[in-house]
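Chemist: Structure for this input, please:
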Amino acid sequence: MRVTLSIPDPVAKRFRAAVPPRQRSRLVTRLIEQELAQRDDALAAACIAANADHDLEHDSEEWQGFDDGIVE
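Modeler: Sure, this is the predicted structure:
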């Protein structure tokens with residue numbers, strides 16, 4: 001798949017000077033994969049923290065006990 005990105009000129013010039021043409025896509029892919037993995041890890045850590053929060057668990061149970069008035 002082809003993707004078009006906008007990169008500031010100074011960064012693009014350095015990138016083109018430092019990375020040979022046939023290695024650019026591979027490098028960008030690796031950098032994106034690293035960033036996505038970090039974001040996935042951060043999201044997983046936030047989930048674990050939320051699941052370990054006993055006050056939040058108590059509040060959730062309390063909220064689920066309310067009748068919303070909707071008849072199914």
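Chemist: Distance from the helix or strand of the chain with the lowest mean pLDDT to the middle of the chain?
Modeler: Least confident helix or strand of the chain, by mean pLDDT, DSSP states H and E, is helix 54-64 with a mean of 72. Remark: helix 54-64 is offset 26 Å from the chain centroid, using Cα atoms, centre = their mean, to the nearest Å.
Chemist: Please apply the same query to stretch 11-31.
Modeler: The answer for stretch 11-31 is 22 Å, by Cα atoms, centre = their mean.
Chemist: List of residues touching it?
Modeler: Ile7 (Cβ atoms under 8 Å, 6 or more residues apart in numbering). Quick note: C-beta positions are derived from backbone N, CA and C, even for glycine.
Chemist: What are the boundaries of the strands in the protein?
Modeler: Taking DSSP state E as the criterion, the chain contains no strands.
Chemist: Can you list the low-confidence ranges for it?
Modeler: 61, 65-72 (pLDDT under 70).
Chemist: Name all residues that make contact with Ile7.
Modeler: Here Ile7 is in contact with Phe15 (Cβ under 8 Å, 6+ apart).
Chemist: give me the number of residues near Glu35?
Modeler: Glu35 is flanked by 10 other residues according to other Cβ atoms under 10 Å.
Chemist: And for the one 4 residues further on?
Modeler: Using other Cβ under 10 Å, Arg39 has 10 neighbouring residues.
Chemist: related to what we said a few turns ago, what about dumping the CA coordinates of the least confident helix or strand of the chain to CSV?
Modeler: Taking Å, rounded to 0.1, in the frame of the first residue of the first chain, the C-alpha atoms of helix 54-64 are listed here in CSV:
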residue,chain,number,x,y,z
HIS,A,54,-10.7,-1.1,43.3
ASP,A,55,-12.5,2.3,43.7
LEU,A,56,-13.2,2.3,39.9
GLU,A,57,-14.5,-1.3,40.1
HIS,A,58,-16.8,-0.4,43.0
ASP,A,59,-18.1,2.7,41.1
SER,A,60,-18.7,0.5,38.0
GLU,A,61,-20.6,-2.0,39.9
GLU,A,62,-22.7,0.7,41.5
TRP,A,63,-23.5,2.3,38.2
GLN,A,64,-24.5,-1.0,36.7
